[in-house]
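**Q** Build me a structure from this.
(2 chains)
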There are 2 protein chains.
Amino acid sequence: MALIVQKFGGTSVGTVERIQHVAEHALAAQAQGHQIIVVVSAMSGETNRLVQLATQINPIPYSREYDMLIASGEQIAVGLVSLAINTLAEKKGLIKAGESRSRPLLGHQIGIRTDSVFSKARIEGIDTRLLRDELALGHIPVVAGFQGVDIENNITTLGRGGSDTSAVAIAAAIQADDCEIYTDVDGIYTTDPRMYAGARKISRISYDEMMELASLGAKVLQIRSVELAAKHGVPLHVRSSFSPVEGTRVVSREQLGDHLEKVVVSGVTSDASQVKFTLRGIQDRKGLLADIFGSLSKNAIDVDIIVQDVASNGNLSLSFTVSHTDALKAKKVLESLTPRDLSTVEILEEPGLVKISIVGVGMQNHPGVATKMFSLLSEAGISIKLVTTSEIKISCLIEGTHAKAAVATLHQGFELDRTE
Amino acid sequence: MALIVQKFGGTSVGTVERIQHVAEHALAAQAQGHQIIVVVSAMSGETNRLVQLATQINPIPYSREYDMLIASGEQIAVGLVSLAINTLAEKKGLIKAGESRSRPLLGHQIGIRTDSVFSKARIEGIDTRLLRDELALGHIPVVAGFQGVDIENNITTLGRGGSDTSAVAIAAAIQADDCEIYTDVDGIYTTDPRMYAGARKISRISYDEMMELASLGAKVLQIRSVELAAKHGVPLHVRSSFSPVEGTRVVSREQLGDHLEKVVVSGVTSDASQVKFTLRGIQDRKGLLADIFGSLSKNAIDVDIIVQDVASNGNLSLSFTVSHTDALKAKKVLESLTPRDLSTVEILEEPGLVKISIVGVGMQNHPGVATKMFSLLSEAGISIKLVTTSEIKISCLIEGTHAKAAVATLHQGFELDRTE
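**A** Model prediction:
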């Protein structure tokens, strides 16, 4: 008997039929002798509908209101999934009318405590007592992903894709044996199949690689959920809610074993909708950069690639990228700093860029990977605007119009098209 | 300076524009020096959308799930209204960016404790501390109507129209000076203007009459909210959110004064979608009726008109009506009793009926009102299926197809068409 957390994404609960399928799935797993906790996202389309309502009132909504608003999406899904489980359990004769086989639970009800950074809150703790009680009763707790409460009891949300983080955090807190992430794709691919048809499913991948793939736009798992899984050793299994085939298992490097030696690059990702800001003519003063990035960070803006240059006159030039969703906020922050610190500075904004990255733990043992990446792009006539590298990843910022060509070139060039 | 609770119904927050209008309205009242608490319903259409999702999964949804599901409608409205108030306050220069003039609050956040009768829960207490704190900060608390939490921290809802009850309960708990109920009509009418064009707005009415009107289908105020207002002496003002004209003030009989003497009938109501159940051939035994109605009540089914007859053979015949929304549940309850107690009983179900009532505190001092009602209906060729009377109300159950004609006949017959 295993304790399994099953997380279902928005498309997996997108219609009444799919919700009923989730109920079937959870009860089937329970019938095999497992203890099941279900974590759900909002029905697909729901969050966007709510965001659209909010932005009609204010393009940059107040975050406390915004979080309360969008947290309702998961509440709806939890109600419906729990209802479907009880209904099916009654139909199957597992319970009598009026009894429960399931219990719907919101973030505040199981004490998912977070900090107060609305819309990007971090989980600080989970009280697993109620979950354990429900499991002991033979129930399937159905928990709202994506949400928690801060110390003042305000509803908080964890950022897009935060339901993965909820699932992993619950799995870690309750020491689950497995955390299954059900989604509309059947696993992690070497690149986004919508970008390049030659994409291939990966059967096993390390937490490290998965983190880089997630952060770079693989869109299947939120990076923080993988970070958390790695930290607590929670085994992840990313799989399709529409098909019983094995998906992709995300494990530690040690468990990857031999595999590690053979593959140089595990995947190619493209992260669209990047905006590049360039500040020209900065007169250096101690702490200025810390002030800039401190202010951005204080406003919960994630800064990605950062490049700093010294011009011939000794002035600094600074470039960095943010997601287009943060661009308006970032610009406001920069302008609020301008009068005091950056009065002589020119702020340039370049939207519509894409970050293309190759990821692989193998590249540490194979020199020349970066050179090969630059050559491949150059041969394809694609110019590179910014470069950044880490231990297991190399990223290039390019024009958005070249994204597909770049992915195809790199996928073929690093021999990802071949079968494993 | 007064402390005013303003409750906005579903149509008053039905679109982004109307939500912005609510924000304007609340801030204008605050600018006049008042302390304002806003209570909101779900955006019109939202609750129905959610109910439809639930009933696709189960025609009689599990109530804990159902309540969590539909409570999300008010959560959305609260988020949007609070967002609109903050946004407008910032635009008007009342607050700086990042500051708040408003705070969104759900039932569990301000400790609206209820019993555990899901979908028809009753409020047991409200902790006003957080509301007082927010008012002291100059904020406008925006509170979700219709919802609370039971002792196990399950989300509960108060039944359709329960936001009125929330508003009155909050007004009573915090000792507000006024409870304004904003709706899509400009007050209480002598009958539903959609049923009869000669309907006239009532300027002042007693709690008692309002209770009878509300329960009988005036659809403007939930009966429990008026009951609660009467109990705690909360002055109600039912008015339009689209027009500044005075609406209808609901006060005690004492405050009505002279008015009381002159008017015999204050209003005519029609309550559609009644289902009549008749049980024939009941062999009397002690406590049987208590068992029947006890079982119905335990299943939270409101039984309305009850008529009992003794047949020539000594057997009982029993008729009663329930709302069509409870009919399916009522039938199940009756059938569950059948094998044990009612084996020889024939259960007849007659749907599509309408209850037509006349209401007025004045009828106590004017004999012959019932006779006049029966004559008027009889002259119009409308036959009466059941009759029930109370101190200030007489109701007749008739065929649904005769509803409009009956309302017109009674409205004219009791001289409600004339101006006050």
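**Q** Okay, the residue of the stretch 201-350 of chain A found nearest chain B and B:Ser102: tell me how far apart.
**A** Relative to chain B, the nearest point of the stretch 201-350 of chain A is A:Lys332 (8.7 Å; CB to the nearest CB). (Glycine included, C-beta is placed from N, CA and C.) According to CB to CB, to the nearest Å, A:Lys332 and B:Ser102 sit 22 Å apart.
**Q** Looking at those two, which is more packed in?
**A** Taking other CB atoms under 10 Å in any protein chain shown, A:Lys332 and B:Ser102 do not tie; B:Ser102 has more neighbours (30 against 14).
**Q** what's the nearest residue to that one if we skip its chain neighbours?
**A** B:Ile85 (3.8 Å; CB to CB, 6 or more residues apart in numbering or on different chains).
**Q** Quick one: name the residues of the stretch 101-250 of chain A near chain B.
**A** Within the stretch 101-250 of chain A, the positions lying close to chain B (CB under 8 Å from any CB of the partner chain) are A:103-104, A:106, A:108-109, A:153-155.
**Q** Make a ChimeraX selection of the buried ones in those residues.
**A** Remark: buried members of these, expressed as a ChimeraX selection using 16 or more other CB atoms under 10 Å in any protein chain shown:
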select /A:103,104,106,108,109,154,155
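**Q** Show me the residues of the stretch 101-250 of chain A next to chain B that map onto strands.
**A** A:103-104, A:155 (DSSP state E).
**Q** I figured A:Gln20 was touching A:Asn86, is that so?
**A** No. Counting by CB atoms under 8 Å, A:Gln20 does not reach A:Asn86; the two are 11.8 Å apart.
**Q** And those two? Which one has more around it.
**A** For A:Gln20 versus A:Asn86, the count of surrounding residues by other CB under 10 Å is larger for A:Asn86: 30 against 19.
**Q** The more buried one is in contact with B:Ile60, isn't it?
**A** No. The pair A:Asn86 and B:Ile60 fails to qualify as a contact (CB under 8 Å) at a distance of 11.3 Å.
**Q** In the stretch 51-200 of chain A, what residue spans correspond to strands?
**A** Using DSSP state E, counting those that start in this stretch, the strands assigned to the stretch 51-200 of chain A run over residues A:102-105, A:112-114, A:123-126, A:140-144, A:147-149, A:155-157, A:178-183, A:188-189.
**Q** Now render these as TSV, adding mean pLDDT.
**A** Formatted as TSV, these follow (pLDDT from 0 to 100):
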stretch	mean pLDDT
strand A:102-105	98
strand A:112-114	97
strand A:123-126	96
strand A:140-144	98
strand A:147-149	97
strand A:155-157	97
strand A:178-183	94
strand A:188-189	88
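**Q** Now do the helix or strand harbouring A:Val38 against strand A:140-144, angle only.
**A** Secondary-structure assignment from DSSP states H and E places A:Val38 in strand A:35-40. Using axes from the mean of the first three to the mean of the last three CA atoms, to 10 degrees, the direction of strand A:35-40 lies 20 degrees away from that of strand A:140-144.
**Q** Quick check: neighbours of strand A:35-40 in the sheet, parallel or antiparallel?
**A** strand A:3-8 (parallel), strand A:140-144 (parallel) (DSSP bridges).
**Q** From these, pick the one with the highest average neighbour count.
**A** Burial among the strands paired with strand A:35-40, expressed as mean neighbours by mean count of other CB atoms under 10 Å in any protein chain shown, is greatest for strand A:140-144, which shows a mean of 29.
**Q** how about the helices in chain A?
**A** In chain A, the segments counted as helices under DSSP state H are A:16-31, A:46-57, A:63-91, A:129-136, A:162-173, A:207-213, A:223-232, A:253-256, A:259-262, A:288-298, A:324-341, A:369-379, A:403-413.
**Q** Confidence-wise, which of those helices is weakest overall?
**A** Ranked on mean pLDDT, the bottom entry among the helices of chain A is helix A:259-262, at a mean of 56.
**Q** any chance of the helices of chain A in TSV, with distance to B:Ser317 too?
**A** Converted to TSV, these look like this (distance: least, CB to CB, whole Å):
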stretch	distance to B:Ser317
helix A:16-31	42
helix A:46-57	51
helix A:63-91	35
helix A:129-136	47
helix A:162-173	57
helix A:207-213	72
helix A:223-232	65
helix A:253-256	76
helix A:259-262	80
helix A:288-298	76
helix A:324-341	68
helix A:369-379	88
helix A:403-413	78
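**Q** how about those, which one is nearest A:Asn315?
**A** helix A:288-298 (11.6 Å; CB to CB).
**Q** any residues touching that closest one, and which ones?
**A** A:279, A:282, A:303, A:306, A:308, A:318, A:322, A:330, A:333-334, A:336-337, A:341 (CB atoms under 8 Å, 6 or more residues apart in numbering or on different chains).
**Q** mind listing what's buried in it?
**A** A:288-289, A:292, A:295-296.
**Q** so what's the backbone phi/psi at the residue of the stretch 151-300 of chain A found nearest chain B?
**A** Relative to chain B, the nearest point of the stretch 151-300 of chain A is A:Asn153 (5.4 Å; CB to the nearest CB). Here is the backbone geometry of A:Asn153 (degrees, to the nearest 10): phi 70, psi 20.
**Q** I'd guessed it sits against A:Gln109; true?
**A** No. Counting by CB under 8 Å, A:Asn153 does not reach A:Gln109; the two are 12.0 Å apart.
**Q** A:Ala173: what's it in contact with?
**A** A:Ala173 touches A:125-126, A:128, counting by CB under 8 Å, 6+ apart.
**Q** For PyMOL, what selects the buried ones among these?
**A** Buried residues among the contacts of A:Ala173 (16+ other CB under 10 Å), as a PyMOL selection:
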select buried, chain A and resi 126+128
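**Q** would you list the contacts of A:Ala173 in TSV and tack on distance to B:Gly247?
**A** As requested, the contacts of A:Ala173 are exported to TSV (distance: CB to CB, whole Å):
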residue	distance to B:Gly247
A:Gly125	49
A:Ile126	48
A:Thr128	51
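**Q** For burial, what's the neighbour tally of the closest residue in space to A:Val117 that isn't next to it in sequence?
**A** Spatially, and ignoring its direct neighbours in sequence, A:Val117 is nearest to A:Ala300 (5.7 Å; CB to CB, 6+ apart). Neighbour count for A:Ala300, taken as other CB under 10 Å: 15.
**Q** Now A:Ala300. Its backbone dihedrals?
**A** The phi and psi torsions at A:Ala300 (degrees, to the nearest 10) take the values phi 60, psi 30.
**Q** orientation of the strand holding A:Val38 relative to helix A:16-31 in degrees?
**A** 160 degrees.
**Q** Test for you: state the pLDDT assigned to A:Ala218.
**A** 60.
**Q** beta partners of A:Lys276?
**A** A:Thr321, A:Glu350.
**Q** hang on, it packs against A:Phe320?
**A** Yes. The criterion here is CB under 8 Å, and A:Lys276 meets it with A:Phe320 at 7.4 Å.
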